[in-house]
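> Provided below are the primary sequence and the corresponding predicted coordinates.
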Amino acid sequence: QVQLVESGGGLMQPGGSLRLSCTASGDDFSLYNMGWWSQAPGKERELVAAIAVGGSTKYDDSVKGRFTISRDNSANTVHLQMNNLKPSDTAVYYCTGDRSLLAVVIGTGDSWGQGTQVTVSS
């Protein structure tokens with residue numbers, strides 16, 4: 001399995017943008033489907049976006065048109081570009097990866113990062 005390290009979180013005003021990055025090590029990144037999950041205070045972890053090894057993507061309805069997931073296999077990195085941020089986007093964001101796309105989408109992936117905090121507030 002890969003080891004994952006997230007970066008890029010922080011405090012942003014509503015309407016602003018952040019870019020999260022997740023860098024993998026320890027295995028062939030190109031074989032891994034990747035995803036971003038979020039967990040807001042007092043709530044369960046939820047899928048935000050996923051990207052398959054072939055590049056197809058899936059988004060939660062709440063972020064469609066605002067967030068974009070992408071991958072750079074040459075840099076072993078997956079990104080989450082977050083635009084037009086809302087206070088409801090405030091959460092800890094976790095990167096996950098697995099050779100099974102289903103595992104990434106349902107949250108049972110083998111690899112998880114430590115999480116990065118995103119806070120959207122004026």
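Sure thing, it's come through. Numbering: from 1, shown residues only.
> who is the residue positioned nearest the centre of the chain paired with across the strands?
With distances taken as Cα atoms, centre = their mean, the chain has residue 36 as the residue nearest its mean C-alpha position (2.3 Å). Applying DSSP bridges to residue 36 yields these beta-bridge partners: residue 49, residue 95.
> where's it relative to residue 122, distance?
Look at residue 36 and residue 122: by Cβ to Cβ, to the nearest Å, they are 24 Å apart. (Glycine included, C-beta is placed from N, CA and C.)
> could you pull out the helices for this structure?
Counting by DSSP state H, one finds helices in the chain at the ranges 101-106.
> is it correct that the residue nearest to the centre of the chain is in contact with residue 18?
No - in this structure residue 36 lies outside contact range of residue 18 using Cβ atoms under 8 Å: 11.9 Å.
> so residue 118 bridges to which residues?
Under DSSP bridges, the residues paired with residue 118 across the bridge are residue 10, residue 91.
> which residues does residue 21 contact?
With contacts taken as Cβ atoms under 8 Å, 6 or more residues apart in numbering, residue 21 has the following neighbours: 6-8, 77-80.
> ChimeraX command for the buried members of those?
To isolate the buried ones among the contacts of residue 21 in ChimeraX, judged by 16 or more other Cβ atoms under 10 Å, type:
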select :6,8,77,78,79,80
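> so which of the contacts of residue 21 sit within strands?
When strands are assigned by DSSP state E, the members of these inside them are 6-7, 77-80.
> any chance of CSV for those, columns distance to residue 30 and pLDDT?
As requested, the ones in strands among the contacts of residue 21 are arranged in CSV below (distance: Cβ to Cβ, whole Å; pLDDT from 0 to 100):
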residue, distance to residue 30, pLDDT
6, 19, 95
7, 21, 95
77, 12, 98
78, 11, 98
79, 16, 98
80, 19, 98
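> closest to residue 42 among the residues you listed?
Of all the ones in strands among the contacts of residue 21, the one with the least separation from residue 42 (Cβ to Cβ) is residue 6, at 21.4 Å.
> before we move on, back to that, what pLDDT does the residue nearest to the centre of the chain get?
As summarised for this prediction, residue 36 has a pLDDT of 98.
> just the one 5 residues further on next, same as before
At residue 41 the predicted local distance difference test score is 91.
> thank you kindly, that will do.
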